[in-house]
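Colleague: Show me how the following folds:
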Amino acid sequence: MARFCNLCRRNFPTQRGYMQHNGSYHRHPKPRVPPTVRHYHPHLDARPCDEHGHFLDDPNVAPPPRDNTEDFDPFADRPSFEAAELLYEKMAASEGDVEQLLRILHAKSILDGRDPGDDPLFRSQRHLLKAIDSIKCGEAQWHTISVRYSGPVAPDAPKWKRQHYVIHMRNSLQVLENMAASPDFVGSWHTRPYQQFDADGVRQFSDLFSGHWAWKQADIIAQDPATHGAMFTPIAIAADKTTASVATGNQEFHPVYMMAGNVTNEMRRAHRDAVVPVAFLPIPKAEAEYANDNEFRLFKKQLYHLALRLIFEPMRPGMTTPHVLRCPDGHFRRAIFGIGPIIADYPEQVYFSGIVQGWCPKCLARHDKLDEPGDPRFRAHTCQLWETHNAGTLWDDFGVVRDVTPFTYYFPRADVHELLAPDLLHQLIKGSFKDHLVSWVEDYIRLTSPSEREARRVLDDIDRRIAASPSFPGLRRFPNGRNFKQWTGNDSKALMKVFLPALTGYVPDQMIQCLAAFLEFAYLARRPTHDTRTLDAMDTALARFCDLREIFVETDVRPDGFSLPRQHALFHFTWMIKLFGSPNGVCTSISESKHIAAVKRPWRASSRNNPLIQILRTNTRLAKLAALRAEFGRRGMLQGDVVSYALRKVGLAPPHDEQEQREVRYATEQEISVISQYLRIPTLHELIRRFLREQLFPEYDEPDDVVPLDVCPWVARSTRVTVHSSATAVFFAPSELSGPGGMHSEIIRCSSHWRNEGARRDTVFVQLSDDPGMEGMAVGRVRALLSFAYGIVRYECALLEWFEREGDMPDPVTGMWVVRPEVQHGRPVMSIVSVDTIVRSCHLIGVYGRTRLPTDFHFTHSLDAFRRYYVNPYADYHVHELLNSL
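Modeller: A predicted model of the protein is given here:
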């Protein structure tokens, strides 16, 4: 359950999360970040003040003291708090299950001789909920506002005109105050906009506060001298309709999430309460007869913007007059609020911006000419259009809905067209890739095949190629290729990793190159930090993609061209990155992931009778538990697990948490001669001796094949060697899902029996020199992970079968490096290297050519079945960065 890290002052809701954090972040410290220079905004410099807003004479003074009393109120003790977390948050146990567990514990305490009147943990489920409800931390109650159609209503008017629509919302100001005061965000909360440059003076863009938008907002705010010394505090807004269950009445919900723009992207992706549900919007419905009436469609949009205006109204005074906030570091600061990036998919962006479906919300490109960018939209221009043109002209020529005023027009400095953020999930992954490119490739195969049966044969073989991809840490398996109905964003991301090599031989080279250019753009866009070099590379990749996609027009797959709003949005990506920093911090994947905790799990725990009210109550309780956990962690009350806490309380355990992580290692130890027979490698003894020569005499760099074995250190054949089934690689990869600090770990496996599917021997990158990318690395397949003692040193090493590069450049069609097994005298070339030279896992995919795979081909044979392999740069985002010298 809840644990607290003493070293970085962060709390973790689960033991597993704490163990993973400790293993990858503290046992393997984060590498030194390349030197950068930051220039902070000169006027909005976030000077500390007192709780009344008076600036402190000494800005370096310690923050006001907080209550550090060890008090688990409203719970009796830590076991009671952790039981409440476990039963309510982790297990979402039903009332009957909780009552049964409490009765079992009560019975056990009676048998152990305790007084039958003593209650175990809680008297009842109601007692548990009462304790949670009485938590003061994170208090932000829900309230409701009912609205209805305000126009004339005739006796025979549609039902939707007579209905009341309920907006459920929290006080957005109170939510922000709770967020800003959370000690969870210590070290992850920016107080000042900044401009960041690397050692070469190149501008970098990462978090929201590093972009042009935050700096420009600070310049505008600073025109009022009364705001000097304040802290800019923008809020990012995400809205996304979701369906809890299709099977039980298609229950839809429309949550609105709020995020403090000061929080780093890394922390926001980790959620932790950096993303908070602040409202649930009404979802108007009409009878089929009226569902497509312009009047009803207009009403839905007007209701949408009225609701958003009411939700964020409590923050509006603080957008011009400083409001005192307590920050995660404990200091008070005068904050100036602002409406920040808006995170939404395309249908939601249409609602947000008040444009016509099919048009771009960011620019004035016509709906039928979206294959190129247009002049930017902006608030003043739209207002001028309203005053100049009638509703018909606005709709037909500019794609503007006249009677919809975006909610941002009621807030200072807020331009909805500028604020719409880039969306990696819906614009890149699910939109341009899955819905467009993958579908177009399938259409091409059907159009060019001599029969429908032949087209299905080709598509089946492509599916077998996708299913044949070797195992790789974190790689989703497609045992039946693309043939499943319910696609998720994670499915589309997984297909991106293996789709390109599966098409070779079945589609024109230009189509392959088009996909490669798109994937290059997509993987560059996902980086956590951008600079002018990566942005230029994105523009180059996008221009190449736009040129190459003409193949789909030439082959009649897209005879009408490319006026597609989601694909058109790619034209705006690099400029939006300069405005808002890396897109991975302002992506709809963040809000869609939050749906699980904020909507879907609470819905499943509800009675299904008026579930929204129960969902709101559950969200309130979860927020209180999370806030209380953060507060207990700040006070140092969650050190160690609950048993070590109890032992310390009775004087039976050391007072400090050693932050140790248990490791379970599966290994076999035998003499070299036995291991040699076990691995079926008769030259193992020789390879160990040559490995020791390299380790003991690194100044000699002659290749092994010219060094006589006699000059290598002698090792007795009776020396005991341990064979391990796995090794853990830990590296800095903030592009991937990782803990705070950007550390990522993966397991490299070498096993003769893996999950009853045959042998698994992973391939790895081995660092040979300091040259970038593949110029400085080689690829090897792990035949064994070994360790042995020589003298007073224990060596950890890997026995590898080597692959050699084909040529000095990547393949011109796929853009991937090609390797083949290195063979000498008909045998694989092998050697032993130190595990310290292994960078991480490598993913190889066979070069299929025009060969069809057998119908019973199994992926475990892939690394033995082909003569040549692609080095897959799309295995994950870190591999792409590793192979790309940018």
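Colleague: make it CA atoms for all contacts and neighbour counts henceforth
Modeller: Noted.
Colleague: in the stretch 201-350 of the chain, which spans are strands?
Modeller: Secondary structure of the stretch 201-350 of the chain (DSSP state E, counting those that start in this stretch): strands at 203-205, 231-239, 242-245, 251-253, 255-260, 276-280, 323-326, 332-343.
Colleague: how about stretch 205-212: buried residues?
Modeller: For stretch 205-212, burial by neighbour count (16 or more other CA atoms under 10 Å) applies to Phe205, Ser206, Asp207, Leu208, Phe209, Ser210, Gly211, His212.
Colleague: Span of it from start to end?
Modeller: With CA to CA, to the nearest Å applied, stretch 205-212 spans 9 Å between its terminal residues.
Colleague: mind checking pLDDT for Pro698?
Modeller: With respect to pLDDT, Pro698 scores 82.
Colleague: Please tell me how far it sits from Gln100.
Modeller: From Pro698 over to Gln100 the distance is 67 Å, taken as CA to CA.
Colleague: Which one of those two is surrounded by more residues?
Modeller: The neighbour comparison of Pro698 against Gln100 (other CA atoms under 10 Å) goes to Gln100, with 14 against 10.
Colleague: and the nearest residue to Gly849 once chain neighbours are set aside, what pLDDT?
Modeller: Once flanking residues are discounted, Gly849 sits nearest to Gly505: 5.2 Å by CA to CA, 6 or more residues apart in numbering. Note for Gly505: predicted pLDDT of 92.
Colleague: Over to Ser607?
Modeller: The score at Ser607 is 86. That number is its pLDDT.
Colleague: Next, it: secondary structure please.
Modeller: Assigned by DSSP: H, G, I helix; E, B strand; the rest coil, the conformation of Ser607 is coil.
Colleague: quick one: it and Ile615, what's the gap?
Modeller: Distance, Ser607 to Ile615, by CA to CA: 10 Å.
Colleague: do Lys161 as well
Modeller: 27 Å.
Colleague: The two: who's more crowded?
Modeller: A direct count of neighbours by other CA under 10 Å for Lys161 and Ile615 places Ile615 higher, at 21 against 17.
Colleague: who are the neighbours in contact with Phe518?
Modeller: Ala541, Leu542, Phe545 (CA atoms under 8 Å, 6 or more residues apart in numbering).
Colleague: show me the contacts for the last one.
Modeller: Phe545 makes contact with Cys514, Leu515, Ala517, Phe518, according to CA under 8 Å, 6+ apart.
Colleague: Pick the one among the residues you listed closest to Met91.
Modeller: Of all those, Met91 sits closest to Phe518, with 41.9 Å by CA to CA.
Colleague: Could I get the pLDDT score of the nearest residue to Pro277 once chain neighbours are set aside?
Modeller: Spatially, and ignoring its direct neighbours in sequence, Pro277 is nearest to Tyr257 (4.3 Å; CA to CA, 6+ apart). Reading off the confidence values, Tyr257 has pLDDT 97.
Colleague: likewise Phe12?
Modeller: On the pLDDT scale, Phe12 is placed at 57.
Colleague: and Trp766, which of the three is it?
Modeller: Check again: residue 766 is Val, not Trp. Assignment for Val766 (three-state DSSP): strand.
Colleague: And for Val813?
Modeller: Recorded secondary structure, Val813: coil (three-state DSSP).
Colleague: Adjust the sequence numbering to begin at 40 for everything that follows.
Modeller: All right, first residue 40 from here; so that's Val852.
Colleague: what about it, distance to Phe584?
Modeller: From Val852 across to Phe584, the span is 13 Å (CA to CA).
Colleague: cool, and Thr108?
Modeller: Thr108 sits 61 Å away from Phe584, going by CA to CA.
Colleague: what do you get for Ala325?
Modeller: Using CA to CA, Ala325 is found at 43 Å from Phe584.
Colleague: and what of Arg759?
Modeller: Distance of Arg759 to Phe584, given as CA to CA: 56 Å.
Colleague: again, but for Ile143
Modeller: 64 Å.
Colleague: try Pro893
Modeller: For Pro893 relative to Phe584 (CA to CA), the value is 33 Å.
Colleague: One more: Thr568?
Modeller: Look at Thr568 and Phe584: by CA to CA, they are 23 Å apart.
Colleague: still on that earlier bit, what's the closest of the strands of the stretch 240-389 of the chain to Asp482?
Modeller: Shortest separation from Asp482 across these is recorded for strand 281-284, at 29.9 Å, computed as CA to CA.
Colleague: Please name every helix or strand in contact with the closest one.
Modeller: Counting contacts by 3 or more CA pairs under 8 Å, 6 or more residues apart in numbering; DSSP states H and E, strand 281-284 packs against strand 290-292.
Colleague: So for the strand it packs on, what gets flagged as buried?
Modeller: In strand 290-292, counting by 16+ other CA under 10 Å, buried: Glu291, Phe292.
Colleague: same deal with stretch 494-510?
Modeller: Neighbour counts over stretch 494-510 (16+ other CA under 10 Å) mark 494, 497-510 as buried.
Colleague: what sits against Val872?
Modeller: Counting by CA under 8 Å, 6+ apart, Val872 makes contact with Phe730, Cys836, Ala837, Leu838, Leu839.
Colleague: now with 7 Å?
Modeller: When contacts are counted by CA atoms under 7 Å, 6 or more residues apart in numbering, Val872 touches Phe730, Cys836, Ala837, Leu838.
Colleague: these two touch, right, the third one and Ala823?
Modeller: Spelled out, it's Ala837. Yes: taking contacts as CA atoms under 7 Å, Ala837 lies within contact range of Ala823: 5.8 Å.
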